[in-house]
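> What follows is a predicted structure for the sequence shown.
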Amino acid sequence: MHNLSDIMETIKMIQEENLDIRTTTMGISLLDCADTDIDRSCEKVYNKITTRAKDLVAVGESIEKKYGIPIINKRISVTPIAILAGVSGGDPVKYAHALERAAQTVGVNFIGGYSALVQKGFSPGDRELIESIPRALAETDHVCSSVNIGSTKGGINMDAVAKMGPIVRACAELTKDRQCIGAAKLVVFCNAVEDNPFMAGAFHGTGEPDVVIHVGVSGPGVVRAALKKAPDDADLTQIAEIIKKTAFKITRMGQMVGTEASEMLGVPFGIVDLSLAPTPAIGDSVAHILEAIGLEEVGGYGTTAALAMLNDAVKKGGVMASSSVGGLSGAFIPVSEDAGMIAAARSGSLTLEKLEAMTAVCSVGLDMIVIPGDTHEDIISAMIADEAAIGMVNQKTTAVRVIPAIGLKEGEELDFGGLLGYGPVMPINRRSPSKMIGRGGKIPAPIHSLKN
Amino acid sequence: MRAVITVIGKDMVGILAKVSTTCAEANANVIEVTQSVIQEFFAMVMLVDLSGMDIEIDELRERLSANVQGMEIHVMHEDIFNSMHRI
């Protein structure tokens, strides 16, 4: 018989501390859909997704019922569409519409992969796809987009960086009557991972199998609740130990759900992504974990150190709990999706500069940050360059997902609703980086990329 | 498959009877029960075998909530506790 306190702990985690499976994401390769006729290519894309993922939502729901664990999102990631656009030519937005129709048919929350990988340069289809991103995201509801502009191995493609500033802005402008939501569905990556189940940056890498199922676990509330029970005189080694043990338990649940889903769908199991992903719900905040460790408010000195420890302890606990860990696996710090981050941004405790430092020690980057609507495009490009540099040098994934709040000034707020949350426009440094961004070219790969 | 049923709330007459009757009607076999009452507070954990059950686990959950009102009831697959608390 099971131990009563173990049973009650699990029930409490789910009922009161918002423990859930954040996402089951099915990765689907579209390489066999490529066709020189774009309409035929789109038709094949639609058919493949709706065939392979037809049971994804139903299986997710039956697992929820069987185990009594909420699975918040069912998602799909696909091969970067730029590859298909390169073969077919034509207007890539047609693919976005095909993805949207497929997403609606199978009933998933998001579909990711309207993407291009241009870290070392543009191949056919890449430029066209990047330029079409603002329209694609404005004309669809479920499609998510990402562009990889740098890597430790390849350096940073500054031509692509210069291009992405205006693209991010255009995404916001085309959706300015809908809280600039377009920009919230676009991520600019350095060292993008091919098996990430989280949006908006999920895509299905070319090294992945035909179809695969990934799981993203969550549970910032559980970690915080465990820390709150720790005595005030517990030292940081003990705190790290508590986080590690809690991460282990959370991940075991993700591993179980992933294995079950993969069996029921007849699809190989990919990875468990260990990330602590917050939501705007009370008690589901990464910022509040940092505050439970002992900070007055997130953003103050000590934040980076606490986050570094949290991120590492989560990985250590999770790695032992799962047979294959992957994706981004760390603590997420999206500002608008985290009640504690929103509060700290409102109070002025959390600044963009501090967030940038935090991104050096956790996944993923400057995420879901609302910036003034009149921010110059070159400044957005330069933010992307800074983040990419942190990722490139530290051999980690970094990303930028900022939302220019068109027509709004500092202190005013955007509200995206749902899991994307809400947040105030954060002040930015307006000194011009235009000369540097205008130079274009590449930042060469760092010396430690030469490992062979 | 086996499931763990937990019932928590203010103590009253007949809780265990109602839960086990509901299980029996669904052909769910009770394997083990632990129950305690601490200061009018009732807590029960029941391990049941659902392999012969003629309804879905979701349905059992609904019937229990309907038959035993005013109590907090959870029905969860045993595998969750195995995966979380045992290596």
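All right, it came through fine.
> How many residues are close by residue A:430?
Close neighbours of residue A:430, defined as other CB atoms under 10 Å in any protein chain shown, add up to 10. Yep, even glycine has a C-beta here, placed from its N, CA and C like the rest.
> Residue A:15 too?
12.
> next one: residue A:95
For residue A:95, using other CB under 10 Å, the count is 29.
> now the strands for the stretch 251-400 of chain A?
Assigned by DSSP state E, counting those that start in this stretch, the strands in the stretch 251-400 of chain A fall at A:269-273, A:365-372, A:398-405.
> now swap in chain B and tell me
Assigned by DSSP state E, chain B shows strands spanning B:2-10, B:29-38, B:41-49, B:72-77.
> Need the contact partners of the first one.
Contact with strand B:2-10 is made by A:2, A:7-8, A:11, B:15, B:19, B:23, B:28, B:31, B:40-50, B:57, B:60, B:64, B:68, B:70-78, B:81, as judged by CB atoms under 8 Å, 6 or more residues apart in numbering or on different chains.
> Buried ones in that strand, by neighbour count?
For strand B:2-10, the buried set under the neighbour-count rule, 16 or more other CB atoms under 10 Å in any protein chain shown, comprises B:2, B:3, B:4, B:5, B:6, B:7, B:9.
> CA-only coordinates of that strand in PDB, if you can.
Taking Å, rounded to 0.1, in the frame of the first residue of the first chain, the C-alpha atoms of strand B:2-10 are listed here in PDB:
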ATOM      1  CA  ARG B   2      -5.500  -0.300 -10.000                       C
ATOM      2  CA  ALA B   3      -6.600   3.100  -8.700                       C
ATOM      3  CA  VAL B   4      -6.300   5.000  -5.400                       C
ATOM      4  CA  ILE B   5      -9.500   6.600  -4.100                       C
ATOM      5  CA  THR B   6      -9.000   9.300  -1.400                       C
ATOM      6  CA  VAL B   7     -11.900  10.800   0.600                       C
ATOM      7  CA  ILE B   8     -11.300  13.700   2.900                       C
ATOM      8  CA  GLY B   9     -13.700  15.900   4.800                       C
ATOM      9  CA  LYS B  10     -15.900  16.200   7.900                       C
END
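> Tell me the strands beside it, with direction?
Strand B:2-10 pairs in its sheet with strand B:41-49 (antiparallel), strand B:72-77 (antiparallel), by DSSP bridges.
> do you know how far the closest residue in space to residue B:70 that isn't next to it in sequence is from residue A:82?
The spatially closest residue to residue B:70, leaving aside those adjacent along the chain, is residue B:9, at 6.1 Å (CB to CB, 6 or more residues apart in numbering or on different chains). Look at residue B:9 and residue A:82: by CB to CB, to the nearest Å, they are 57 Å apart.
> got it, and residue A:132?
Using CB to CB, we find residue A:132 at a distance of 10 Å from residue A:82.
> near chain B, which residues of chain A show up?
Proximity of chain A to chain B (CB under 8 Å from any CB of the partner chain) is limited to residues A:1-4, A:6-8, A:10-11, A:15, A:65-69, A:249, A:252-253, A:255-256.
> Would you write a ChimeraX line that selects the buried entries of the residues you listed?
A single ChimeraX command suffices to select whichever of the residues of chain A next to chain B are buried according to 16+ other CB under 10 Å:
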select /A:2,7,10,11,66,67,68,69,249,252,253,255,256
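> okay, and the common contacts of residue A:132 and residue A:82?
The contact sets of residue A:132 and residue A:82 overlap at residue A:92 (CB under 8 Å, 6+ apart).
> higher neighbour count, the two?
Neighbour comparison, residue A:132 and residue A:82: the larger count goes to residue A:82, with 27 against 23 (by other CB under 10 Å).
> which ones are touching that one?
By CB under 8 Å, 6+ apart, the neighbours of residue A:82 are A:92, A:115, A:116, A:117, A:123, A:125, A:126, A:128, A:129, A:130.
> per-residue pLDDT, it?
Residue A:82 carries a pLDDT value of 97.
> go on, residue A:1?
Predicted confidence (pLDDT) at residue A:1: the value is 61.
> Next one: residue A:417, what pLDDT does it get?
Residue A:417 is assigned a predicted lDDT (pLDDT) of 87.
> Check which helices and strands the helix or strand hosting residue A:58 is in contact with.
Assigned by DSSP states H and E, residue A:58 falls within helix A:56-67. Contacts defined by 3 or more CB pairs under 8 Å, 6 or more residues apart in numbering or on different chains; DSSP states H and E place helix A:56-67 against strand A:21-28, strand A:71-78, helix A:236-265, helix B:57-67, strand B:72-77.
> Noted, bye for now.
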